[in-house]
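Undergrad: Output the structure for:
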Amino acid sequence: TRHLLLSRRPRPQKPGLPCAARAFLFHAACLPLAGRGRIIPVTHSWQSGTNRIMQTYLVGGAVRDKLLGLGVKDRDWVVVGATPEDMLQRGFKQVGADFPVFLHPDTGEEYALARTERKQGRGYHGFSVYSAPDVSLEDDLRRRDLTINAMAETENGDLVDPFNGHADLEQKKLRHVSEAFAEDPLRILRTARFAARLQPLGFSICRETMALMREMVASGELGDLVPERVWQEIQRALHEQAPGVFFDVLRELDALKVLIPELVDELGFRQGLSALQCIHRKQGSTAQHYAALLSGVPEPDAIARAKAMKSPNDCRDLTHLVCLFMARLNDASPEARLTPERAMELLDKADFWRRPDRFGVLLGTLACTLQDERAHVVQQLELAARRAQSVTPHPFLQRGIHGKALGEAIQNERLARITEALNSHE
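TA: Numbers count the residues shown, from 1 in each chain. Purely as a prediction, here's the structure:
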């Protein structure tokens, strides 16, 4: 099913296009990585007459990660010389609404028809898409963001590399493919995310691409991105190999002023990155990563940002609690010490009695966000919560205590056990 021969009348050729389906195989002077296939000279191949060849190529991240020696998780394919009808006739299922993407009937992998894009408006959706059999592989690769993502591989393992992505892999550079990069502001976030993923391998963004992204930020188009797409990129970045690099890049580009202005403040930014790195080492959840990032931001501002970004409810809830507890617990003055009454109040605010599991997640996050000299407070709270949780209504019911009196009795017993726990911890 990789190379399919179709019987169909030949389509009229556009000026300057010698064939309906072309395969561009990059210059032989670019040396391949060991054992990763060969790079062969440029050739044109097509078949005229009534038969048209559909050519299929492995593209994008699968090719990049294979060359880097990393595990390939997902494989995406580009089909040159085909129409949607051709794909449907062979059992593929169309899933793309904005452009023709199909699922293979056996593997379920995505096959996209080769396409080009043209900027028509502002933001992420301001594009018109052209897909037809006369779109070449090189045309399709040219619209991609970075050169390391603009490579393809033939069925025989030959590398198709018209934009020197292989050389940039060897030089560990993230470089934009063409000036068309500037048409999509979302690529700023994607490039920062790739920097966060590949920085541990020594990769960095080249100067030209950084300069282009600064111009894009200055144009104001970042503000046209819908919150859902921004959140999607941030969520992915939070779990990259070096998530702090993502936010460092955005800050250097002045993009944080647009996307998360609450992190522009130096102290809040450094607090957030330090906490984020700590949570990342502990392999925390997305909610923990996000709450750690905003842990140096005042609670009302952090919640406003979480809502504006349309982050999930668990991220908003944990961010609220972390920022609230940070304000209460980071104060080392004698007046702000953790008294039994204050501990009880914090347990109530965290809804500990109904959601003890979430409280455990909160304490795990606070262990990364609080200053080192306040780390013992987390241990105090954990002990206080464990002792207070052991209080049950059963003994009071046996003594005939009911209604409002029962609630008061339980509260008094919890407070007594918290007091005992804090005294034993001093």
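Undergrad: which non-adjacent residue is nearest residue 275?
TA: Leaving aside its chain neighbours, residue 275 sits nearest to residue 292 (3.8 Å; criterion: Cβ to Cβ, 6 or more residues apart in numbering). For the C-beta atoms, the positions are set from N, CA and C on the backbone; glycine is no exception.
Undergrad: Any regions of the stretch 201-350 of the chain where pLDDT drops low?
TA: Scanning the stretch 201-350 of the chain for pLDDT under 70 picks out the ranges 332, 335.
Undergrad: could you show me where the strands are in it, in order?
TA: With DSSP state E, counting those that start in this stretch, the ranges of strands along the stretch 201-350 of the chain come out as 204-205.
Undergrad: quick one, helices of it?
TA: Secondary structure of the stretch 201-350 of the chain (DSSP state H, counting those that start in this stretch): helices located at 207-219, 227-238, 243-252, 256-259, 266-281, 286-293, 299-308, 313-329, 340-349.
Undergrad: By residue count, what's the longest helix in this structure?
TA: Secondary structure assigned by DSSP state H gives helix 403-425 as the longest helix of the chain.
Undergrad: Show me what that one packs onto, helices and strands only.
TA: Of the remaining helices and strands, those touching helix 403-425 by 3 or more Cβ pairs under 8 Å, 6 or more residues apart in numbering; DSSP states H and E are helix 340-349, helix 375-389, helix 394-398.
Undergrad: Let me have the ones you listed in a markdown table, extended by distance to residue 205.
TA: Listed next are these as a markdown table, based on distance: least, Cβ to Cβ, whole Å:
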| stretch | distance to residue 205 |
| --- | --- |
| helix 340-349 | 43 |
| helix 375-389 | 36 |
| helix 394-398 | 62 |
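Undergrad: Between those, which shows the greatest average number of neighbours?
TA: Ranked by mean neighbour count under mean count of other Cβ atoms under 10 Å, the helices and strands packed on helix 403-425 are led by helix 375-389, which reaches a mean of 18.
Undergrad: how big is the angle separating that helix from helix 403-425?
TA: In this structure, helix 375-389 runs at an angle of 140 degrees to helix 403-425, with axes from the mean of the first three to the mean of the last three Cα atoms, to 10 degrees as the basis.
Undergrad: what's in contact with helix 375-389?
TA: Contacts of helix 375-389 with the rest of the structure, by Cβ atoms under 8 Å, 6 or more residues apart in numbering, involve 329, 338, 340, 343-344, 346-347, 352-353, 356, 359, 363, 366-367, 370, 414-415, 417-418, 420-422, 424-425.
Undergrad: Check for me that residue 111 belongs to a strand.
TA: Yes. For residue 111, which was evaluated using DSSP: H, G, I helix; E, B strand; the rest coil, the result is membership in a strand.
Undergrad: pretty sure it contacts residue 103?
TA: Yes. Counting by Cβ atoms under 8 Å, a contact exists between residue 111 and residue 103, whose distance comes to 7.5 Å.
Undergrad: joint contacts of those two?
TA: With contacts defined as Cβ under 8 Å, 6+ apart, the residues shared by residue 111 and residue 103 are residue 92.
Undergrad: the more surrounded of those two?
TA: Shown here are residue 111 and residue 103; by other Cβ atoms under 10 Å, residue 111 has more neighbours (21 against 17).
Undergrad: Run through the residues that contact the more buried one.
TA: Shown in contact with residue 111 (Cβ under 8 Å, 6+ apart): 56, 77, 78, 79, 87, 92, 101, 102, 103, 104.
Undergrad: Take the residues you listed and lay them out in TSV including distance to residue 277.
TA: Compiled in TSV, the contacts of residue 111 are given as follows (distance: Cβ to Cβ, whole Å):
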residue	distance to residue 277
56	42
77	37
78	37
79	42
87	45
92	44
101	37
102	41
103	39
104	40
